[in-house]
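In: When you get a sec, could you give me coordinates for this:
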Amino acid sequence: MNDPLLKLFALSESHELGARVAAHLAIALGAHEERDFEDGEHKLRPLESVRGAEVFVLQSLYGEPRHSVHDKLVRLLFFIAALKDAAAARVTAVLPYLCYARKDRRTKPRDPLATRYIAQLLEAVGTDRVVALDAHNPAAVENAFRCPLQLLDTARLFADHFAARLDPGPVVVMSPDTGGIKRAERLRAALAARLGREVGSAFLEKYRSAGVVSGSALVGEVRDAQVIILDDLISTGGTLLRAAAACRRNGARSVHAAAGHGLFTGAAGEQLADPALDGIVITDSVPPLRLEGTPARARVEVVSVAPLLAETLRRMHTGGSVVELLEP
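Out: Next up, the predicted model:
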């Protein structure tokens, strides 16, 4: 795109993903400065004019050794405010991974509603729109924001990936809990459309109380099937392994897992090497940095969200339909 009023900046460790998005848009990443001070404070500013421009700021809000979640969030907020002060016409926060999205409701008295607080912070600095990928609870995130919010999902990305690798046998898309049934259904429909045949569905019961997970009943037929377990994110891997084990007990021929965000915390690098899983597919919304040097790393494939993000931004800028882009 040759449009001087379109700008894309990528902050912190999101630079590589931002460069891939910019390449798909055929534009250069916006130049900016990130300066750290000795006391832990920092300064961010654009190094080019943004006056009257439509500006997209890409920052994936995951924690890693150099910058914590909170550090990245503050950098994003300050940079958006600086862009607004520099007379940007519209600023959109592009958040491949949205932090605190799991704390979207009160499960105990006086619990925080962290998702709503994140929305309020972004709106307070003048964010005009937000783009996020594979939200934990889409309805809750949509209700938390007052500024326009565009939620993207990975159904088409994963459908394209698996359609090229599955054999003619039966296929089942499984949710590891009841909360992810709608997410799994989107992948099931997209995969069925690409394969030109029926794809089954299944889910596993799951109860969580005080950090303890229980429930093991599997609903759906997986015997002799190629099963794809879909979740929004992978943390320790415990949920996936429970689901994979249930599939194996019920006669599944193969079990693969897919998730939009691979956080891989705790002992995930060892746990996810379990033979119950044949492989794991994630996106580059969060690099699998915590898996480096672990047994599970060789089993993980990464699918880039850059083409999806780029086309979304292109359509937003030109007035195209993002809804059509997300249809299976």
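In: Under the pLDDT cut-off, which ranges of the stretch 201-328 of the chain? List them.
Out: 206-216 (pLDDT under 70).
In: the strands in it, which residues?
Out: Assigned by DSSP state E, counting those that start in this stretch, the stretch 201-328 of the chain shows strands spanning 207-209, 212-214, 218-219, 226-234, 254-262, 279-283, 300-303.
In: can you tell which of these is closest to Phe78?
Out: Within the strands of the stretch 201-328 of the chain, the stretch nearest Phe78 is strand 254-262; the backing value is 24.3 Å (CB to CB). (C-beta placed from N, C-alpha, C; glycine too.)
In: how about the longest helix anywhere in the chain: buried residues?
Out: In the chain, with assignment by DSSP state H, the single longest helix is helix 69-85. For helix 69-85, a neighbour-count test (16 or more other CB atoms under 10 Å) marks 71-84 as buried.
In: Give me the next element, helix or strand, following that helix.
Out: Helices and strands here follow DSSP states H and E; after helix 69-85, the next one along the chain is strand 90-95.
In: Give me the residues contacting that next one.
Out: Residues outside strand 90-95 that contact it (CB atoms under 8 Å, 6 or more residues apart in numbering) are 54-61, 76, 80, 83-84, 122, 126-133, 309, 313, 316.
In: Filter these down to the buried ones.
Out: Neighbour counting over the contacts of strand 90-95 (16+ other CB under 10 Å) leaves 54-61, 76, 80, 83-84, 122, 126-133, 309, 313, 316 as the buried ones.
In: mind listing which of those residues are in strands?
Out: When the buried ones among the contacts of strand 90-95 are checked against strands using DSSP state E, the ones located there are Glu54, Val55, Phe56, Val57, Leu58, Arg129, Val130, Val131, Ala132, Leu133.
In: which of these lies closest to Phe9?
Out: For those, the minimum distance to Phe9 (CB to CB) is 5.0 Å, reached by Val57.
In: Which secondary structure state is assigned to the closest residue to the closest one other than its chain neighbours?
Out: For Val57, the nearest residue in space outside its immediate sequence neighbours is Phe9; the separation is 5.0 Å by CB to CB, 6 or more residues apart in numbering. When the structure is reduced to helix, strand and coil (DSSP: H, G, I helix; E, B strand; the rest coil), Phe9 reads as strand.
In: so Pro307 touches His24, yeah?
Out: Yes. Between Pro307 and His24 there is a contact at 5.5 Å, judged by CB atoms under 8 Å.
In: how about the helices in the stretch 51-200 of the chain?
Out: Counting by DSSP state H, counting those that start in this stretch, residue ranges of the helices within the stretch 51-200 of the chain are 69-85, 114-124, 138-144, 155-163, 181-195.
In: Least confident of these, on average?
Out: Per-stretch averages of pLDDT across the helices of the stretch 51-200 of the chain put helix 138-144 at the bottom, with a mean of 92.
In: And that one, what's buried?
Out: Along helix 138-144, the positions that meet the burial threshold by neighbour count (16+ other CB under 10 Å) are Pro138, Ala140, Val141, Ala144.
In: what's the answer for stretch 271-285, then?
Out: Counting neighbours by 16+ other CB under 10 Å, stretch 271-285 gives Gln271, Leu272, Ala276, Leu277, Ile280, Val281, Ile282, Thr283, Asp284, Ser285 as buried.
In: Out of those, which comes closest to Thr154?
Out: Using CB to CB, Thr283 is the member of these that lies nearest Thr154, at 6.0 Å.
In: Would you quantify the distance from the nearest residue to Val199 once chain neighbours are set aside to Leu325?
Out: Using CB to CB, 6+ apart and skipping the chain neighbours, the partner closest in space to Val199 is Ala192 (4.3 Å). When CB to CB, to the nearest Å is applied, the distance between Ala192 and Leu325 equals 19 Å.
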